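Student: Everything below, folded, please.
(chains A and B)
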Number of protein chains: 2
Amino acid sequence: MITTLAGGVGAAKLIDGLSSIVPPEELTIIVNTGDDCEFHGLHISPDLDIITYTLAGLVDEEKGWGIKNDTFNCLEMLEAYGHDTWFRLGDRDLATHIHRTMMLRSGYKLSEVTKDICAKLRIKQRIIPMTDDYFATKIKTDTGIIHFQEYLVKRGAVDVVHGIVYDGVEGAKPAPGVIESIMDAKVVIVCPSNPLVSIGTILAIKGVRQVLRETKAKKIAVSPIIGGTVVKGPADKMMRYLGIEVSALGVAKLYSDFLDIFVMDEVDAPLVHEVEKLGIKAVVTNTLMKTKDDRIRLAKFVLDVASVYKKA
Amino acid sequence: MITTLAGGVGAAKLIDGLSSIVPPEELTIIVNTGDDCEFHGLHISPDLDIITYTLAGLVDEEKGWGIKNDTFNCLEMLEAYGHDTWFRLGDRDLATHIHRTMMLRSGYKLSEVTKDICAKLRIKQRIIPMTDDYFATKIKTDTGIIHFQEYLVKRGAVDVVHGIVYDGVEGAKPAPGVIESIMDAKVVIVCPSNPLVSIGTILAIKGVRQVLRETKAKKIAVSPIIGGTVVKGPADKMMRYLGIEVSALGVAKLYSDFLDIFVMDEVDAPLVHEVEKLGIKAVVTNTLMKTKDDRIRLAKFVLDVASVYKKA
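Tutor: Now for the predicted structure:
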């Protein structure tokens, strides 16, 4: 059994690779919901959708999110009605949000909704939101505390980041299956997602860090930072503003209390020694996932090293 | 000031004609909301939308409802999620329902939402729902009491009709402006809509029949029944099942307590004498509205006879 901790686009690529080599019933994906937001009265779960659309073969590969060949006619009309439309929701995509919102209003939990969506999209892997409870990642900026989506999508991640607020973290229990799937896994893979707002949120859920330390699973992370920058997203900017070293080593430190193995890009080979000082086995490979083959190759590499290296 | 009582497609055609010759600020349209329904957690107001889309120049002329050149991608995806999709909602159309539902949830009344939608779509005529309160037209069939939309759209109006239920009628107050716009009008036009489920519902709202009898306005109706059948919709079937004479005369009788003038099609000229026995002035013209010119011609005819004939 393999359990992964996932954010959005970067995670989806590795999971796509994993799903090509791991039987679907052996793969569990715990997904960040700190980015969840409400638009037009609808509950949006951006990371859950990226993962489900990817595994359903529906994702817009070019953008990395949304549904391929989607249209934006509803959004255009919503704009005429005066709605904010900076968060781009396609017409097909909207159906997911309408369906999710209806189920949530009927009293279903987000994890139950996610299970239903997976069933309807014929996804056989197990996808679990990190929590069924309210959790909103917010960013402290010069102009106040704003929702992560506003910081990232509306404002283009231009603000100076003074801090990250995990709003609701105190009351957010792990969704059913989160703790168990980590405890029972043979391998736990931390995807190359933003360590602060994608993985950091999952790690902030009550009991998650502890079970990561307790589980007998091999815990392996792929660095989202390559040569001091990110492939996509604002992780590097955010780390810099928060005084965290913007490097694979900086990421490794954030996971050092539970991590066994750290996969870095070849360009970061000079950091191997520093990472291993943290008590983490460090390995290097080409971690860029530009093609489907790249995804499969990296997934294979991760599983290979996980089975080769003994626990630290 | 001209006030019209309107259902959907037939009404929209006449109102389109009227709007070509009457200054927009002089035209008030009171619209049936008995067809309102909920799909996918959204509040749908079919007749209001037909009228607003028509006046906004957005309506799908071929179908008579929905938005022209709309796509149905969201609905297709909703179908994948297991939703009923027999009620056809286009992607652009959905924006109206999302916007309306959000406003209703925020506490706005349907009449306020309608006003907002009109403003956003730059409609200058005044459109008022017949009521802000719950009102659902239901049909008694052999298989039970079903919502009018289910009878009409889902089941294709094939059921034997044993009765019509105006669910909620006791508590449904006229929306702000309904009574006043009838009282203060110079002419009240009853559009060629279904006399039972489009006009009958408006007439069933508390105070509406009474103000129609009291107003000094000239009250003129256009028959939706031509030579014993309807142009569109199930009015003739429903009238037959309910023992109402399926003819222009049968319609005139339903309005005889308040009507001054009845416009019938030329083919119904033989009924003039019978209608006039009801104390209603009867006139005939070509009432079919196939082209834009037909609409304008009929609208002109209606306004002409309304100004020519003295009150009965």
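Student: Which positions in the stretch 51-200 of chain A make contact with chain B?
Tutor: The stretch 51-200 of chain A comes close to chain B at residues A:67, A:70-71, A:73-78, A:80-83, A:90-96, A:98-99, A:101-102, A:105, A:117, A:120-121, as judged by C-beta under 8 Å from any C-beta of the partner chain. C-beta here means a position set from N, CA and C on the backbone, and glycine is covered the same way.
Student: hmm, 7 Å instead?
Tutor: A:70-71, A:73-74, A:77-78, A:80-83, A:91-92, A:94-95, A:98-99, A:101-102, A:105, A:120 (C-beta under 7 Å from any C-beta of the partner chain).
Student: Skipping adjacent residues, who's closest to A:Asn73 in space?
Tutor: B:Asp91 (4.0 Å; C-beta to C-beta, 6 or more residues apart in numbering or on different chains).
Student: For the one you found, give me the backbone phi and psi.
Tutor: In terms of degrees, to the nearest 10, the main-chain angles of B:Asp91 are phi -70, psi -40.
Student: contacting residues for it?
Tutor: Residues in contact with B:Asp91 (C-beta atoms under 7 Å, 6 or more residues apart in numbering or on different chains) are A:71, A:73-74, A:91, B:70-74.
Student: ok, of those, which come out buried?
Tutor: A:71, A:73-74, A:91, B:70-74 (16 or more other C-beta atoms under 10 Å in any protein chain shown).
Student: sorry, back to before: in helices only, show me the residues of the stretch 51-200 of chain A next to chain B.
Tutor: The helices, defined by DSSP state H, take in A:73-74, A:77-78, A:80, A:91-92, A:94-95, A:98-99, A:101-102, A:105, A:120 from these.
Student: Put the buried members of those into a ChimeraX selection.
Tutor: Selection of buried members from those for ChimeraX, criterion 16+ other C-beta under 10 Å:
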select /A:73,74,77,78,80,91,92,94,95,98,99,101,102,120
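Student: If we ignore the residues flanking it in sequence, what's nearest A:Ile182?
Tutor: Spatial nearest neighbour of A:Ile182, excluding adjacent residues (C-beta to C-beta, 6+ apart): A:Val211 at 4.8 Å.
Student: was I right about A:Met103 contacting A:Ser111?
Tutor: No: in this structure A:Met103 lies outside contact range of A:Ser111 using C-beta atoms under 7 Å: 11.0 Å.
Student: ok, the contacts of B:Asp91 vs B:Thr215, which is closest?
Tutor: Of all those, B:Thr215 sits closest to B:Asp70, with 38.7 Å by C-beta to C-beta.
Student: Contacts only, for that closest one.
Tutor: B:Asp70 neighbours (C-beta under 7 Å, 6+ apart): A:73, B:60, B:90-93.
Student: please redo it, this time with the cut-off set to 6 Å
Tutor: B:90, B:92-93 (C-beta atoms under 6 Å, 6 or more residues apart in numbering or on different chains).
Student: and what of A:Leu94?
Tutor: Contacts for A:Leu94 (C-beta under 6 Å, 6+ apart) come out as A:74, B:74.
Student: Quick one, grab the pLDDT at it.
Tutor: Per-residue pLDDT puts A:Leu94 at 98.
Student: and A:Asp293, how many neighbours?
Tutor: Residues within reach of A:Asp293, counting by other C-beta atoms under 10 Å in any protein chain shown, total 11.
Student: per-residue confidence for it?
Tutor: 97.
Student: Kindly report the same for A:Val231.
Tutor: The model's pLDDT for A:Val231 equals 87.
Student: Show me what counts as buried in stretch A:128-142.
Tutor: Buried positions in stretch A:128-142, judged by neighbour count with 16+ other C-beta under 10 Å: A:128-133, A:135-141.
Student: For chain A, just list every one of the strands.
Tutor: Taking DSSP state E as the criterion, chain A carries its strands at A:2-6, A:27-31, A:37-39, A:42-44, A:126-129, A:136-141, A:144-147, A:163-167, A:187-190, A:218-222, A:225-226, A:229-230, A:261-265, A:281-285.
Student: what's the offset of stretch A:87-98 from the middle of its chain?
Tutor: Computed by C-alpha atoms, centre = their mean, to the nearest Å, the chain-centroid distance of stretch A:87-98 equals 20 Å.
Student: distance of the closest residue to A:Lys292 other than its chain neighbours from A:Trp65?
Tutor: Distances taken as C-beta to C-beta, 6+ apart place A:Asp16 nearest to A:Lys292, at 7.4 Å, with adjacent residues excluded. With distances taken as C-beta to C-beta, to the nearest Å, A:Asp16 is found 13 Å from A:Trp65.
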